[in-house]
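Chemist: what shape does this take:
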Amino acid sequence: MSMLSRVANNLYWLARYLERAENTARLINVNSHLLLDLPTRVKLGWEPIVDILSFRTMFYERYDNADEKSVIRFMVVDENNPGSIMSALDAARENARTVKEILPQEAWEQLNELYWFVTDNKADVFTRRSRYDFLRKIIQANQSITGLFSGTMTHDDGYDFLRIGRNLERADMSTRIIDVRSASLLTNIDDDSSAFSNIQWMSVLKSMSAYQMYRRQVRMRITREDVLEFLLLESRFPRSLLHALEQVEYSLSQLPNNKSAIDKTRQLRNYLMNARPAKLVQEKLHEFIDDIQLGLIEIDTKLYDSYF
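Modeler: Residues are numbered from 1 along each chain as shown. Prediction:
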């Protein structure tokens, strides 16, 4: 393989950190919008957002309550939280800086610009009025950077590592969102209330920018089973779990020394296809997602063994 392992590792993590920042921005935006959709008697928790990234212990070491302001500070601008948007963009920029000669100049400039935009305007995230535009700018800048990679970068080994990183992170974030959102989004509500269930599953779709495409395909009302089927198994939808795993497998197939990583990815894909996750009750769904998460960690380990 012609590419240095350090360079491959930097590209892989550059893509993961960018995807992480984008997904976190989506999540917070959707949570803020949910506040407007729900009746005032329903108390919307912000704590699940901390749980999605598995940072509950770290959060409570620094903050007393999981109120809106604390969670937003922790998830967006807290530089001591490795999962915050600020930390992710900082790490993405650092990884990009070390491989600048490989990246399209415009992509590096966009990333740099995004980093300084967030640094200079971070106060905007604390007021609901300006929060949406602030987070949307992060999402759109990320989309733009991804588009520049796709449209102006040679599709060689380096590009494959970017794609693997992006899709593994996406698979990881998507499963976390589904797991936490489906279990604990709306507390203090009678589960039978179909209107609330509808809002809850709509928010899961919106967290993954899947609402419109879901409606196009399913057309019927929003049900738990249909949403899970779409987000986990719709291979034509670019943010579904199956699509992400297929993309990882395809990119690995372009690389040398790929057997162990490809085998692990195929194994996980087959497990997903055979588990019929949309039919699982909540507890079993949680166990299934734990297995998927472990599988994603194992793919990451195989990548390290083979390339980094």
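Chemist: C-alpha only now, for contacts and for neighbours.
Modeler: Will do.
Chemist: which secondary structure element contains the closest residue to Val99 other than its chain neighbours?
Modeler: Sequence neighbours aside, Val7 is the residue nearest to Val99 in space, at 6.4 Å (criterion: CA to CA, 6 or more residues apart in numbering). Using DSSP states H and E, Val7 sits in helix 5-37.
Chemist: tell me what that helix is packed against?
Modeler: The contact analysis (3 or more CA pairs under 8 Å, 6 or more residues apart in numbering; DSSP states H and E) places helix 5-37 against helix 85-98, helix 128-152, helix 157-184, helix 194-207.
Chemist: for it, the distance to its chain's centre please.
Modeler: Counting by CA atoms, centre = their mean, to the nearest Å, helix 5-37 is centred 5 Å from the centre of its parent chain.
Chemist: tell me the mean pLDDT over the following helix or strand past it?
Modeler: Next in sequence after helix 5-37, counting helices and strands by DSSP H and E, comes helix 47-52. When pLDDT is averaged over helix 47-52, the result is 86.
Chemist: pull the contacting residues for Leu111.
Modeler: 93, 141-142, 145 (CA atoms under 8 Å, 6 or more residues apart in numbering).
Chemist: ok, those vs Glu287, which is closest?
Modeler: Nearest to Glu287 out of those is Asn142 (CA to CA; 31.8 Å).
Chemist: was I right about the closest one contacting Leu18?
Modeler: Yes: using CA atoms under 8 Å, Asn142 is in contact with Leu18, at 6.6 Å.
Chemist: between those two, who's got more neighbours?
Modeler: Leu18 (28 against 22; other CA atoms under 10 Å).
Chemist: quick one: pLDDT of Asp192?
Modeler: 49.
Chemist: ditto for Tyr250
Modeler: pLDDT for Tyr250: 98.
Chemist: quick check: it is in a helix.
Modeler: Yes: with DSSP: H, G, I helix; E, B strand; the rest coil as the criterion, Tyr250 is located in a helix.
Chemist: okay, now it: neighbour count?
Modeler: Neighbours of Tyr250 using other CA under 10 Å come to 15.
Chemist: surely the residue nearest to Val99 meets Arg97?
Modeler: No: using CA under 8 Å, Val7 is not in contact with Arg97; the gap is 10.9 Å.
Chemist: in the stretch 101-250 of the chain, where is pLDDT below threshold?
Modeler: 184-194 (pLDDT under 70).
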